[in-house]
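**Student:** my questions concern the predicted model and sequence given below.
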Amino acid sequence: MSSSSPHQGEPILGIDLGTTNSLVGVVDSGFPILLADADGQRLTPSAVLFPAVEGDPIVVGREALRARAAQPGRVITSSKRLIGRRVGEGAETDSSFATSGEVGQPVQIDLGNRSVFPEDVAAEILRHLKTVAEERIESSVSKAVVTVPAYFNDAQRNATKRAGEKAGLEVVRIVNEPTAAALAYGLDRLDDRSRVAVYDLGGGTFDISVLELSDGVFKVEATHGDTSLGGDDIDHALAGWLWDQAGETTRWSEAPAEVAVRFIQAAESVKVALSESEEHEVRMPFYRPDASFEVTVTREQLEQVARPIVDRTRRPCAMVLADAGIEASDLDAVVLVGGSTRMPLVRKLVEEIFGRLPDISQHPDEAVALGAVIQGGILSGTLQQMVLLDVTPLSLGIETFGGLMNVILPRNTTIPAKAGEMFTNAVAGQRDMAIHILQGEREIAGDNWTLGQVDVPFTPGPKGSARVGVQFAIDENGILEVLCRNTDTNEDHILEIRDSAVDVEDEKVEAMISESVEHAFDDMGERIWTEARLKAEELLPAVDQALAAVGDRMTECESKAIRDTAAAVREQLDATSHDANALKAVVADLDAATQDLAVILVEKAMEDAGD
Ligand code: ADP
Ligand code: MG
């Protein structure tokens, strides 16, 4: 677990290095948080401006995007498509800028007077995010967890790692984006062996993955997608539609670059607005010196344009289910992430494809980054407390009469949790009941750890007359409250146990569990023995009394059989062999014999009454 982590104590950044947008975060005071830049923005466009004059500052993010209209060829976006790719693999045709390089060599991005590798672009983005983080948390960082698409091959993953190194960040773990999203979605919502699909529609890529959670670890079972399908395509299609609406007679594909950029920006902002409202007005004053344009776009119009694009996510979804060998109904959740899943049209389509309402609990832009932060927190040990607090590391219970452990909250119960049980006095005339609170996995109370004790007084009475309700409530901070209520008087006795219920060192938990496994047979035997002994101690005097009471209603032969059984029980109780199963067997015989006795006693009572 985290205690053996080599990264203990150092902050580890979590980074979503997206095609369109990137984010950075860190675990701070036990909480995973995403960090905002000086403008208060958490989302950094994955855009880099390489200035014409080498040596001038490189600009990253929103500022670089703003410079795009003025220097279109120098602002690199979507470079993630090219990272770790070689010339001839076909990736270059995917990009919106000039590339170069010899076949079989890494793809290079042409900047006119020079060229850069896609990983250099990624390095600039990572360097920027590192600076944002260092300014926010006011300390330097040197390590990061970075997410990549599940389908990234080794070369793409290694190039991502190298980009981190160039930016002064050791990439301590590469995490698949859907895995990160699933981590953010939360293990605590899932049972072991849950299956979730993560539907991620971003700016330029679509990914659909099926993950299975087992033993607390997510495994990507299958993944599909389309590396050139996303919100950008919708922007382009809508920009073309707007172009026609503006009465332009030339073809959209022939629009001059600077004008096209403005139409695309306008299209994106209408699209975003129409995720919230039903209609939105577009204004494009003087997009050419002699042309201005205004139009109101409805959501329905957008959906008509976007539908064929969004529909292209159907096929990968069908394929991922086929690859995972499951039906849509086998999924426990379909989690939406990626900025484009904010579109109502996308949500409708996902519902159609999977036959269920998609889970929109995650922040579409932030889930992947949040998962990376959580992973970083686990690796650095800063999230350890939270992880441990999530479930009870060991069972919690009380000692029962006879010295056995009675589990009330089993090990691995997700907290907060509440559970209770009713207990009665085991012997007549008892004046109080000592509720002994235990933690551990052993059957015998004394082998577990004591957390505390509550004494509940009650009026002496026959066996079973007093009733005490015991309730264990453990809150999200790991504080255990034990409430014992005398149900006759409604008097409550409360004991609060801080931390100790959950704050147990990993090694001690492991030792306790392995001991309980080692001693499982002995412990089980001891439990059976104790339970049989308690039963015997209850039955034996009852049998003696009953035999005296039935008198001659029973043949000598019958009563002898019962007396022999009782003797056999006494013999087993005294035997040094301590054979739990033998005792249990004779106690069962005695129990059966007393049933017969009880019937005879009832008959006798009725006859006596009739006399
Ligand atoms: P990536 O993972 O590719 O970096 P993101 O998940 O950040 O991408 O998604 C970016 C895309 O989401 C862009 O195409 C953007 O236009 C789109 N988007 C963001 N917000 C909205 C919204 N409210 N409605 C529709 N699309 C949106
Ligand atoms: Mg993304």
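**Tutor:** Yep, it's here. Just so it is clear, the structure is predicted and the values come from calculations on it, not from any experiment. Ligands and ions are numbered 1, 2, ... in the order given.
**Student:** next, residue 398: secondary structure please.
**Tutor:** Three-state assignment for residue 398 (DSSP: H, G, I helix; E, B strand; the rest coil): strand.
**Student:** so what's the residue count around it?
**Tutor:** Residue 398: 25 surrounding residues under other C-beta atoms under 10 Å. Backbone N, C-alpha and C define where each C-beta goes, glycine included.
**Student:** pLDDT score for it?
**Tutor:** On pLDDT, residue 398 comes in at 92.
**Student:** who touches it in this structure?
**Tutor:** With contact taken as C-beta atoms under 8 Å, 6 or more residues apart in numbering, residue 398 is in contact with 406, 408, 423, 435-438, 470.
**Student:** pick out the most distant pair among the residues you listed.
**Tutor:** 423 and 438 (14.0 Å; C-beta to C-beta).
**Student:** please say which of those two ends up with more neighbours.
**Tutor:** Neighbours were counted for residue 423 and for residue 438 using other C-beta under 10 Å; residue 438 has more, 24 against 18.
**Student:** list the residues that contact the closest residue in space to the more buried one that isn't next to it in sequence.
**Tutor:** Distances taken as C-beta to C-beta, 6 or more residues apart in numbering put residue 448 closest to residue 438, at 4.3 Å, once the chain neighbours are dropped. Counting by C-beta under 8 Å, 6+ apart, residue 448 touches 397, 405, 438-442.
**Student:** helices of the stretch 451-600 of the chain, start to end?
**Tutor:** Counting by DSSP state H, counting those that start in this stretch, the stretch 451-600 of the chain has helices at residues 506-518, 520-550, 556-574, 580-610.
**Student:** quick one, which of the ones you listed is nearest to ligand 1?
**Tutor:** Closest of those to ligand 1 is helix 506-518, at 35.6 Å (criterion: C-beta to the nearest ligand atom).
**Student:** apart from its neighbours in sequence, what residue is nearest the residue in the stretch 151-300 of the chain that ligand 2 sits nearest to?
**Tutor:** In the stretch 151-300 of the chain, the residue that lies nearest ligand 2 is residue 202 (4.1 Å; C-beta to the ion). Nearest residue to residue 202 in three dimensions, chain neighbours excluded: residue 338, at 4.1 Å (C-beta to C-beta, 6+ apart).
**Student:** circling back to that earlier point, what about the residue of the stretch 151-300 of the chain closest to ligand 2, distance to ligand 1?
**Tutor:** 3 Å (C-beta to the nearest ligand atom, to the nearest Å).
**Student:** now do the residue nearest to residue 438, the pLDDT please.
**Tutor:** At residue 448, pLDDT is 88.
**Student:** could you do residue 111 as well?
**Tutor:** 87.
**Student:** and the residue nearest to it when sequence neighbours are not counted, its phi and psi?
**Tutor:** Spatial nearest neighbour of residue 111, chain neighbours left out: residue 50 (5.3 Å); criterion: C-beta to C-beta, 6+ apart. Note on residue 50: backbone dihedrals following degrees, to the nearest 10 are phi -100, psi 110.
**Student:** hang on, isn't residue 50 packed against residue 116?
**Tutor:** Yes. The pair formed by residue 50 and residue 116 meets the contact definition of C-beta atoms under 8 Å, at 6.6 Å.
**Student:** count the residues that sit near the residue lying closest to residue 298 once chain neighbours are set aside.
**Tutor:** Closest residue to residue 298 apart from its sequence neighbours, by C-beta to C-beta, 6+ apart: residue 279 at 4.6 Å. With neighbours defined by other C-beta under 10 Å, the count for residue 279 comes to 14.
**Student:** look up the closest residue to the residue in the stretch 101-250 of the chain that ligand 1 sits nearest to, ignoring the ones flanking it.
**Tutor:** Proximity of the stretch 101-250 of the chain to ligand 1 (C-beta to the nearest ligand atom) peaks at residue 231, 2.1 Å away. Closest residue in space to residue 231, ignoring its immediate chain neighbours: residue 340 at 4.1 Å, by C-beta to C-beta, 6+ apart.
**Student:** please report how far that neighbour lies from ligand 2.
**Tutor:** Relative to ligand 2, residue 340 is positioned 10 Å away (C-beta to the ion, to the nearest Å).
**Student:** using the three-state scheme, assign that residue.
**Tutor:** helix.
**Student:** my read is that it contacts residue 202, right?
**Tutor:** Yes. Residue 340 is within contact range of residue 202, at 6.4 Å (criterion: C-beta under 8 Å).
**Student:** joint contacts of those two?
**Tutor:** Shared contacts of residue 340 and residue 202, counting by C-beta under 8 Å, 6+ apart, come down to 230-231.
**Student:** which of these two has more residues huddled nearby?
**Tutor:** residue 340 (30 against 25).
**Student:** now do the contacts for that one.
**Tutor:** Residue 340 neighbours (C-beta under 8 Å, 6+ apart): 201-203, 230-231, 234, 346, 364.
**Student:** circling back to that earlier point, looking at the contacts of residue 398, which is nearest ligand 1?
**Tutor:** Out of the contacts of residue 398, the member with the shortest distance to ligand 1 (by C-beta to the nearest ligand atom) is residue 408, at 44.8 Å.
**Student:** isn't the closest one up against residue 470?
**Tutor:** Yes. With contact defined as C-beta under 8 Å, residue 408 counts as touching residue 470 (7.0 Å).
**Student:** what touches both of the two?
**Tutor:** Going by C-beta under 8 Å, 6+ apart, residues that sit against residue 408 and also against residue 470 are 398, 420-421.
**Student:** what bridges to residue 481?
**Tutor:** residue 473, residue 496 (DSSP bridges).
**Student:** how near is it to ligand 2?
**Tutor:** 43 Å.
**Student:** I'd like to know how many residues surround residue 454.
**Tutor:** Neighbours around residue 454, by other C-beta under 10 Å: 18.
**Student:** check contacts around the closest residue in space to residue 584 that isn't next to it in sequence.
**Tutor:** Excluding the flanking residues, the one nearest residue 584 by C-beta to C-beta, 6+ apart is residue 532, at 4.4 Å. Residue 532 sits next to 580, 583-584, 587 when contact means C-beta under 8 Å, 6+ apart.
**Student:** can I get these in a markdown table including pLDDT and neighbour count?
**Tutor:** Listed next are the contacts of residue 532 as a markdown table, based on pLDDT from 0 to 100; neighbours: other C-beta atoms under 10 Å:
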| residue | pLDDT | neighbour count |
| --- | --- | --- |
| 580 | 84 | 20 |
| 583 | 89 | 25 |
| 584 | 88 | 17 |
| 587 | 88 | 25 |
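**Student:** just put these in TSV and tack on distance to residue 300.
**Tutor:** Putting the contacts of residue 532 into TSV (distance: C-beta to C-beta, whole Å) gives the following:
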residue	distance to residue 300
580	75
583	78
584	74
587	77
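**Student:** same list (the residues you listed) but as CSV, adding distance to ligand 2.
**Tutor:** Shown next, in CSV, are the contacts of residue 532 (distance: C-beta to the ion, whole Å):
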residue, distance to ligand 2
580, 59
583, 64
584, 61
587, 65
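**Student:** quickly note the distance from residue 249 to residue 233.
**Tutor:** From residue 249 across to residue 233, the span is 24 Å (C-beta to C-beta, to the nearest Å).
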